[in-house]
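**Q** how would this look folded up:
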Amino acid sequence: MPDHDFVFGSTRRCGAVPALAALLTLGTLPVVARAQVAAAGDSVQTITLDDAFRLAEASSPDIAIASAGITRAQGQQKKARSQYFPQLYGSASYTRTLRSQFQGLGKSDTTSGPAQCSSFVPDTTLPIADRVRLLEQALGCSGGQNIFGDFSQVGFGAANQYNLGLSLTENLFAGGRIRAQNRQAAAGRASADIGLTAAHAQLLLDVTQAYYDAILSDRLVTIAEATLSQADTTLAQTRLARQVGNQPEFDLLRAQVTRDNQVPVVIQRRADRDLAYLRLKQRLNMPLDVRLDLTTSLDDTTSAPSARLASLFTSAPDTVTADRAPVRQAAQNLIAQQNAVTVARAQRIPTLTLSSAYGRVAFPPNGVPDWAQFRTNWTITGAIQVPLFTGGSIRGDELVAEGNAREAEARLKQTRDMAGIESRDAYARLNSARAQFAASTGTVEQAVKAYSIAEVRYHEGISTQTELSDSRILLQQAQANRAQASRDLQVARVRVALLRDLPLASSTQMPSAVASQSAVQPAPATPAPQPQTQTGGVVNASQTGVTP
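**A** Here you go, the predicted structure:
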């Protein structure tokens with residue numbers, strides 16, 4: 001590759017291209033996050049922050065899980081409440097008996113025994129001996145009759161059996177168990193509702209971070225490319241001065257190394273941008289090959305970044321520790337565990353139940369019975385159940401419930417303490433972000449002006465290349481610090497606005513891939529010492545990776 005040309009992407013950088021106009025534009029341009037440069041024919045989807053919220057909520061697995069939790073809690077609540085009402089069940093059955101032990105019982109035997117006789121009619125005219133003989137004969141004959149009755153009519157050995165029934169059960173007294181179970185279920189439902197609200201709040205914060213990380217990565221790519229353009233311009237001027245004998249070879253080599261060292265920075269920034277966009281697409285559940293055009297401004301910190309967040313910003317944030325979502329959930333969990341103790345202890349108390357069973361049975365010899373063939377069974381039962389000896393089962397349930405209650409109480413205290421610290425941490429980060437953003441105000445314009453003066457001085461031969469390189473590094477730092485401060489302030493504002501409903505430890509997440517890196521990676525070509533701080537609010541590049 002020739003020293004005087006550098007082809008980067010689709011833009012050809014050459015020494016004769018001036019960069020100051022681009023720098024001035026960069027310093028005053030409203031920050032509109034732009035997606036990767038789309039090739040001809042590629043589709044670009046324009047996404048505002050409100051659009052991002054809507055897309056994320058429509059397909060978020062966290063929201064789906066929280067909604068399923070509410071459905072489960074509703075079912076548990078209905079199941080607990082049902083114990084207050086009578087339990088009524090209906091049943092219908094048909095039984096076909098193929099062979100039974102009662103078959104043949106009570107039936108006449110025509111193959112053996114006394115002969116059948118229809119009736120006994122005494123004859124008073126006969127002698128006593130004849131009358132005794134006839135009486136004995138009548139007692140010995142079966143007459144075709146069953147002296148025991150037909151047992152098939154009451155079910156013994158019946159070939160067909162139909163059974164229709166209703167059963168009713170009502171809890172009259174359960175020792176407080178039913179009331180405690182209903183309170184336990186109500187606490188679970190309240191906790192599930194809080195969980196859904198917290199999932200929505202966490203999703204809003206995550207999408208906001210991913211969205212502004214993508215915008216920041218776009219801005220850092222622009223800054224890195226502008227810095228590369230400046231280095232190209234300096235290299236071209238130095239080469240021209242070397243050719244006419246106004247610059248030594250050392251200055252030319254220095255300009256070449258400075259420019260070449262900026263190339264890896266641009267490559268790294270573009271890789272970071274691609275990664276930030278991939279994470280945003282993943283958060284929005286969008287195809288990874290779709291190109292995005294992000295339109296929400298990064299620099300506008302005076303108004304709400306979206307209509308969804310406008311109402312949150314207009315009202316004062318709720319920072320009361322007891323109102324935090326994790327604290328409220330822990331309190332509901334304590335209520336549930338305390339009622340579980342009541343349920344366990346209620347097992348020692350006698351229970352009183354009332355039950356009734358109503359049935360209609362029929363045993364037709366053939367086919368479907370008539371309603372007149374059905375017989376009625378109807379019973380009412382009152383029962384008292386008293387646990388006399390359970391082998392320690394009830395005491396075991398009590399110990400388990402008491403342990404869970406003590407754990408829930410300790411977790412509530414722990415959650416309350418952590419929530420209080422987290423609330424103060426969120427406000428401290430917001431104040432820090434505001435201070436950094438205020439410190440960066442006007443610094444970019446000053447750095448642009450200083451670099452333009454240094455460029456003119458160098459072009460006229462009244463300054464050194466070291467002065468020009470230092471001015472370029474300061475300009476790059478100022479631009480990156482301003483972009484990082486804007487991103488940090490926007491995210492901090494959203495976090496504080498959502499603080500009441502955010503889950504615990506949301507403000508102590510690991511920094512994002514973009515924001516966790518140093519906002520500026522100046523090329524190490526200049527041996528001059530790097531300034532730690534500069535007048536006008538310029539912050540050293542190593543301090544720009546802090547994420548609230």
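
**Q** Nearest residue to V266 in space, please, no chain neighbours.
**A** Spatially, and ignoring its direct neighbours in sequence, V266 is nearest to A224 (4.5 Å; Cβ to Cβ, 6 or more residues apart in numbering). From N, CA and C alone the C-beta is placed, and that goes for glycine too.

**Q** What of I453?
**A** Setting aside the residues directly before and after it, I453 is nearest to S471 in space (Cβ to Cβ, 6+ apart), at 7.9 Å.

**Q** Check which helix or strand the one you found maps to.
**A** helix 465-497 (DSSP states H and E).

**Q** Quick check: buried residues in that helix?
**A** The neighbour-count check on helix 465-497 (16 or more other Cβ atoms under 10 Å) flags 465, 467-497 as buried.

**Q** low-scoring stretches of the stretch 151-300 of the chain, by residue?
**A** 151-155 (pLDDT under 70).

**Q** which residues in it form helices?
**A** 177-243, 249-284 (DSSP state H, counting those that start in this stretch).

**Q** how about those helices in JSON lines, adding mean neighbour count and distance to T71?
**A** Output for the helices of the stretch 151-300 of the chain, formatted as JSON lines (neighbours: other Cβ atoms under 10 Å; distance: least, Cβ to Cβ, whole Å):
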{"stretch": "helix 177-243", "mean neighbour count": "22", "distance to T71": "8"}
{"stretch": "helix 249-284", "mean neighbour count": "18", "distance to T71": "25"}
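
**Q** do you know which of these lies nearest Q338?
**A** Each of the helices of the stretch 151-300 of the chain has some distance to Q338 by Cβ to Cβ; the shortest is helix 177-243, at 8.6 Å.

**Q** That closest one to helix 249-284, inter-axis angle?
**A** 160 degrees (axes from the mean of the first three to the mean of the last three Cα atoms, to 10 degrees).

**Q** Relative to R177, how far out is T342?
**A** Using Cβ to Cβ, to the nearest Å, one obtains 7 Å as the distance from T342 to R177.

**Q** my read is I384 is in a helix, agree?
**A** No: for I384, which was evaluated using DSSP: H, G, I helix; E, B strand; the rest coil, the result is strand, with no helix membership.

**Q** isn't it right up against G175?
**A** No: using Cβ atoms under 8 Å, I384 is not in contact with G175; the gap is 11.7 Å.

**Q** what about these two, which has more around it?
**A** For the pair I384 and G175, the greater number of neighbours falls to G175 (17 against 10), based on other Cβ atoms under 10 Å.

**Q** Enumerate every residue touching the closest residue to that one other than its chain neighbours.
**A** By the measure of Cβ to Cβ, 6+ apart, the closest residue to G175 outside its immediate chain neighbours is I349, 2.9 Å from it. Residues near I349 by Cβ atoms under 8 Å, 6 or more residues apart in numbering: 174-177.

**Q** I'd like those as CSV, with distance to L278 appended.
**A** Conversion of the contacts of I349 to CSV gives the following (distance: Cβ to Cβ, whole Å):
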residue, distance to L278
A174, 57
G175, 59
G176, 56
R177, 54
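
**Q** what's the farthest-apart pair in these?
**A** Maximum pairwise distance in those, criterion Cβ to Cβ, is 7.0 Å, between A174 and G176.

**Q** Which one of these two is surrounded by more residues?
**A** It is A174, of A174 and G176, that has more neighbours when counted by other Cβ under 10 Å, with 20 against 14.

**Q** Read off the pLDDT value for I384.
**A** For I384, the model assigns a pLDDT of 94.

**Q** Quickly find the element holding A405.
**A** Judged by DSSP H and E, A405 forms part of helix 393-440.

**Q** Next secondary structure after that helix?
**A** For helix 393-440, the succeeding helix or strand toward the C-terminus, using DSSP H and E, is helix 443-459.

**Q** now T376, which residues is it bridged with?
**A** R360 (DSSP bridges).

**Q** pLDDT score for it?
**A** T376 is assigned a pLDDT of 92 by the prediction.

**Q** sorry, back to before: what touches both of I384 and G175?
**A** Between them, I384 and G175 share the contacting residues 350-351, judged by Cβ under 8 Å, 6+ apart.

**Q** what sits in contact with each of A174 and G176?
**A** With Cβ under 8 Å, 6+ apart as the test, A174 and G176 both reach 346, 349.

**Q** Go through the chain and flag its longest strand.
**A** When the chain is scanned for its longest strand (criterion: DSSP state E), the result is strand 160-173.

**Q** Tell me the gap between that strand and the middle of its chain.
**A** In terms of Cα atoms, centre = their mean, to the nearest Å, the gap separating the centre of strand 160-173 from the centre of its chain is 45 Å.

**Q** Same check on stretch 259-271?
**A** In this view, stretch 259-271 has its centroid 38 Å away from the chain centroid, taken as Cα atoms, centre = their mean.

**Q** again, but for stretch 179-199
**A** Between the mean C-alpha point of stretch 179-199 and the mean C-alpha point of its chain there is a distance of 16 Å (Cα atoms, centre = their mean).

**Q** backbone phi and psi for L388, please?
**A** In this entry, L388 is assigned phi and psi values of phi -90, psi -40 (degrees, to the nearest 10).

**Q** That one and S486: what is the separation?
**A** Distance, L388 to S486, by Cβ to Cβ: 74 Å.

**Q** again with P364
**A** Remark: distance between P364 and S486 (Cβ to Cβ) = 88 Å.
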